[in-house]
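pasting the sequence and the predicted model now:
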Amino acid sequence: MPAEFPEFRDRTVLVTGGGSGIGAAIVEGFARQGAKVSFIDIAEAAGSALAERLSRETTHPVSFHHADLRDVEAIRATVDHVVAASGPIRVLVNNAAWDDRHEFDEVTEAYWDNNQAVNLRHVFFTSQAVAPSMRAAGGGAIVNMSSIAFKLNMGGFPSYAAAKAAVVGLTKSMAGRLGPENIRVNCILPGMVVTERQMQLWLTEESIARSVEQQCLKVALTADAIVGPCLFLASDCAAAMTAQSLIVDGGVL
Ligand SMILES: NC(=O)c1ccc[n+]([C@@H]2O[C@H](COP(=O)([O-])OP(=O)(O)OC[C@H]3O[C@@H](n4cnc5c(N)ncnc54)[C@H](O)[C@@H]3O)[C@@H](O)[C@H]2O)c1
């Protein structure tokens, strides 16, 4: 455990895309702090397995909710369910995304809209659904997951890059709107994080070595590298921080 944040004990935390990779590490990070963690994912088997494994080891059972975040009604229903079962949500981590590669000349309107729905739209609508319970509880913290990828002129995913840039703008606008209600909104921009899925789909030993070469710190980051910064931003230590972007990339930018 990187550090202890007693304020998370018995607090309700919701993580999107918590079934694998960075999201799963964040679910585990909050659960080991004694929080009541729920997570949403579309991946049924991975989600159930994670919840089952962690629930055997943590103070509160970790609760998995199977839903597609492209479906705004499903988001609202899941949030209602979490609040009814676990009490007001005090921390929301909008982590889910899909970094699908797409060729500039081949992107259709349908592809674009779906890509934005999976990478951007739910960040707004999950925050909107969670805000009433944060207000009722006297405040809360939202942490959104962006990426350094949109700053690197990478040509292979224009829609994903646009969504990740938009997450920064959305973070700042929501921080402005929700700050007076003591709801803080920040975001994290990870660099290359080696996860199982990234290894299956995009990364090779050579591409990892090339990326590490661009970093000041010469180690490949794993999902755990994002947990500490996420706990910090959601914690009382960051009580005066909102509308900020925290880059966690081993020193690329
Ligand atoms: N891994 C990296 O190198 C890296 C770098 C920069 C930013 N990020 C960001 O960090 C976050 C997590 O990335 P990751 O690499 O762990 O990804 P991942 O693919 O391992 O995990 C994403 C999770 O979101 C879930 N998900 C996807 N679409 C969904 C949908 N429609 N409804 C519900 N759940 C859905 C997936 O099932 C998966 O469990 C993302 O926002 C990503 O953009 C990752």
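Looks like it came in fine. Numbers count the residues shown, from 1 in each chain.

near the ligand, which residues of the stretch 151-253 of the chain are found?
190, 192, 193, 195, 197, 198 (C-beta under 6 Å from any ligand atom). To be clear about C-beta, it is placed using only N, CA and C from the backbone, and glycine gets the same treatment.

tell me what the helix or strand hosting the fifth one is packed against?
What it means is residue 197. Residue 197 is part of helix 196-201, with elements assigned from DSSP states H and E. Packing partners of helix 196-201 (3 or more C-beta pairs under 8 Å, 6 or more residues apart in numbering; DSSP states H and E): helix 21-32.

over to residue 34: give its phi and psi.
Torsion angles at residue 34 (phi, psi; degrees, to the nearest 10) stand at phi 90, psi 10.

count of neighbours near it?
18 (other C-beta atoms under 10 Å).

my guess is it contacts residue 9, does it?
Yes: contact criterion C-beta atoms under 8 Å: residue 34 and residue 9 qualify, at 3.9 Å.

got any residues that touch both of those two?
Common contacts of residue 34 and residue 9 (C-beta atoms under 8 Å, 6 or more residues apart in numbering): residue 59.

hmm, back to that, mind putting the residues of the stretch 151-253 of the chain next to the ligand into TSV with pLDDT and neighbour count?
TSV is the format used below for those (pLDDT from 0 to 100; neighbours: other C-beta atoms under 10 Å):
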residue	pLDDT	neighbour count
190	98	22
192	96	23
193	97	21
195	95	19
197	89	15
198	90	17
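
relative to residue 45, which of those residues is nearest.
Closest approach to residue 45 among those (C-beta to C-beta): residue 197, at 13.6 Å.

contacting residues around the closest one?
Residue 197 touches 20, 21, counting by C-beta under 8 Å, 6+ apart.

so how far is residue 25 from it?
13 Å (C-beta to C-beta, to the nearest Å).

just residue 139 next, same as before
25 Å.

higher neighbour count, these two?
residue 25 (21 against 14).

which residue packs closest to that one, ignoring adjacent ones?
residue 223 (3.7 Å; C-beta to C-beta, 6 or more residues apart in numbering).

got the contact list for the one you found?
Taking C-beta under 8 Å, 6+ apart, one finds 21, 22, 24, 25, 193, 195 in contact with residue 223.
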